[in-house]
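Chemist: mind looking at a prediction? Sequence and model below.
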Amino acid sequence: MSYELERASIERYFAAQWPAQTPVIWDGQGGEPTVNSVRLTIQSGAVLQGSIGRDQNRMDHVGMVTVTIYTAGGAGSNAWRGYAETITDMFHGITLDTAGVPITQTADAFVRFSPPQLGERRHPYIAASFADAPFHITNVIAPFVRYSLK
């Protein structure tokens, strides 16, 4: 399973959960933020040995989704808190299949948010919130693990 499929699955899920709330700048695409827009960034990281199998080994690809929220500078924290809460709830404890559909069957798991493999701070959280005129920028981080067989 590729990084491209990982990105597509996460983007499809986000698009289904975030219809028309605000404009979205998708992962790896250019675009200028506007007030009340978000930027989705998907970063892949380390690869961990998930299992040692006789026929196939499961690899756990660690990554994180960053959703950057752009609100009007000087509007106060109320401008971004609702977006941040929605995003945090959207990614908390969700497992996706390759089509970006939430599932409960672990055998079909492709991407899992709030993964237990990562220990502490594995749930979505607000990583930064700061003024950068003309915006106030808030980053919500959602750690995940993507599963593949080797």
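Modeler: Received the coordinates, thanks. Numbers count the residues shown, from 1 in each chain.
Chemist: count the residues that sit near Asp89.
Modeler: Residues lying near Asp89 (other C-beta atoms under 10 Å) number 12. Placement of C-beta: from N, CA and C, glycine included.
Chemist: all strands of this protein, in order?
Modeler: 24-25, 37-49, 58-72, 95-96, 111-113, 125-132, 135-149 (DSSP state E).
Chemist: for the fifth one, which strands pair with it and how are they oriented?
Modeler: Just to be clear, that refers to strand 111-113. Strand 111-113 pairs in its sheet with strand 95-96 (antiparallel), strand 135-149 (antiparallel), by DSSP bridges.
Chemist: what mean pLDDT does that strand have?
Modeler: Strand 111-113 carries an average pLDDT of 93.
Chemist: for the fourth one, same thing?
Modeler: What strand 95-96 shows for mean pLDDT is 95.
Chemist: quick one: residues in contact with it.
Modeler: Here strand 95-96 makes contact (C-beta atoms under 8 Å, 6 or more residues apart in numbering) with 9-10, 13, 102-104, 106, 109-113.
Chemist: need those residues in CSV (columns: distance to Trp26 and neighbour count).
Modeler: Output for the contacts of strand 95-96, formatted as CSV (distance: C-beta to C-beta, whole Å; neighbours: other C-beta atoms under 10 Å):
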residue, distance to Trp26, neighbour count
Ser9, 13, 21
Ile10, 10, 24
Tyr13, 13, 22
Pro102, 20, 13
Ile103, 23, 15
Thr104, 27, 7
Thr106, 28, 9
Ala109, 24, 17
Phe110, 19, 21
Val111, 16, 25
Arg112, 22, 21
Phe113, 18, 23
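Chemist: in the lowest-mean-pLDDT helix or strand in the chain, what's buried?
Modeler: Between all helices and strands in the chain, the lowest mean by mean pLDDT, DSSP states H and E belongs to strand 37-49, at a mean of 86. Neighbour counts over strand 37-49 (16 or more other C-beta atoms under 10 Å) mark 37-40, 42 as buried.
Chemist: that strand vs strand 58-72, what angle?
Modeler: If you take axes from the mean of the first three to the mean of the last three C-alpha atoms, to 10 degrees, strand 37-49 sits at 160 degrees to strand 58-72.
Chemist: how far off centre is strand 37-49?
Modeler: 7 Å (C-alpha atoms, centre = their mean, to the nearest Å).
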